[in-house]
Every structure is written in structure tokens, then in C-alpha cells.
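Engineer: Starting from these lines, generate the structure:
(one chain, ligands or ions: 1)
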Amino acid sequence: MPKKNKNEIFEEDLGVITKEKIEVKKPDMYAVVLINDDYTPMEFVIYVLQTIFKKNYEEAKKIMLLVHNEGKGICGIFSLDIAETKANQVIEFSRINQHPLECKVQKQ
Ligand code: TYC
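Structural biologist: As a prediction, this is how the structure comes out:
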């Protein structure tokens, strides 16, 4: 080990952090879950899935039938603010059209 000259300044003697450890955390994700009911028309649910969740007609019909048969189903997974916005849009649009369609936001 070479002897240190007392006039020299070494990085390890400065007491500062010279390298930073960056931790990147994945954001929490939330599913928007559509709930079945006996009154909302199937075509209305398909329209909601096309307009609010950007599904094509075939995908939308598949999800609607899954919800109809299983009682509930995921229509998309988003960050919390987007999931809440879409869930609110579903409820608001359904109530304007006098349908009881319900959906909820569920942490993944
Ligand atoms: N069960 C409804 C009907 O027979 C259709 C429907 C599907 C309603 C999905 C809500 O989230 C829903 N008209």
C-alpha cells in the first residue's frame, strides 16, 4: 500500500457520496373491473368498451360476453388516476343513458 502524502486529498477521505444508487420502483397498477347486471343492453356494454377502453368490436364483444357469463371481468389495467377516470366515465355515461352498469377499480 503506497504511503499517502499529507498534502494530497483523496476522494475516500472527503466523506461525500461519489456514486449514487438509483432505485426504480414499478408503479402500482389497477384493474377496471366491469360487473354484470340483468338490465344493461349488451350493445351498450360493447359500445362502452370500444369508446372508453379502445377495444375493437370483436374484443369488446368477447369481454362483454365474459362479464355476462362469469359475473365480472377486467376491461383494462392502468395507473390509479387513469383507472379511476375510466371507471367514473363508465358510471357517468351509463347513468346519463339510464343503465345500472357498475364497475370498480381493483389493485393488482
Ligand atoms: N347481462 C346483460 C344482458 O343480458 C349484459 C351485460 C353484460 C350487462 C356485461 C353488464 O357488465 C355487463 N343484457
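
Engineer: Pull out the buried residues from the one helix or strand residue 65 maps to.
Structural biologist: Here residue 65 is covered by helix 57-70, with elements defined by DSSP states H and E. Within helix 57-70, the residues that qualify as buried by neighbour count (16 or more other Cβ atoms under 10 Å) are 60, 61, 63, 64, 66, 67, 68. Glycine gets a C-beta too; all of them are placed from N, C-alpha and C.

Engineer: and the ligand, which of those reach it?
Structural biologist: Of the entries in the buried residues of helix 57-70, the ones placed beside the ligand under the rule of Cβ under 6 Å from any ligand atom are 64, 67, 68.

Engineer: Could you export those as TSV, including pLDDT?
Structural biologist: Rendered in TSV, the data for these read as follows (pLDDT from 0 to 100):
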residue	pLDDT
64	98
67	98
68	98
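
Engineer: can you pull out the helices in the chain?
Structural biologist: Assigned by DSSP state H, the chain shows helices spanning 42-51, 57-70, 80-96.

Engineer: out of those helices, nearest to residue 24?
Structural biologist: Across the helices of the chain, residue 24 has its closest neighbour in helix 80-96 (18.2 Å, Cβ to Cβ).

Engineer: Mind checking if that closest one is in reach of the ligand?
Structural biologist: No: legend: contact between helix 80-96 and the ligand by Cβ under 6 Å from any ligand atom is lacking; minimum distance shown is 9.2 Å.

Engineer: Can I get that helix as CSV, trimmed to CA atoms?
Structural biologist: Output in CSV follows, covering the C-alpha atoms of helix 80-96 (Å, rounded to 0.1, in the frame of the first residue of the first chain):
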residue,chain,number,x,y,z
LEU,A,80,-54.5,4.6,-10.4
ASP,A,81,-55.6,8.0,-11.8
ILE,A,82,-56.3,6.6,-15.3
ALA,A,83,-58.2,3.6,-13.8
GLU,A,84,-60.4,5.9,-11.6
THR,A,85,-61.0,8.3,-14.5
LYS,A,86,-62.2,5.5,-16.8
ALA,A,87,-64.3,3.9,-14.1
ASN,A,88,-66.0,7.3,-13.5
GLN,A,89,-66.6,7.7,-17.2
VAL,A,90,-68.3,4.3,-17.4
ILE,A,91,-70.6,5.2,-14.4
GLU,A,92,-71.4,8.7,-15.7
PHE,A,93,-72.1,7.6,-19.3
SER,A,94,-74.3,4.7,-18.0
ARG,A,95,-76.3,6.9,-15.7
ILE,A,96,-76.9,9.5,-18.4
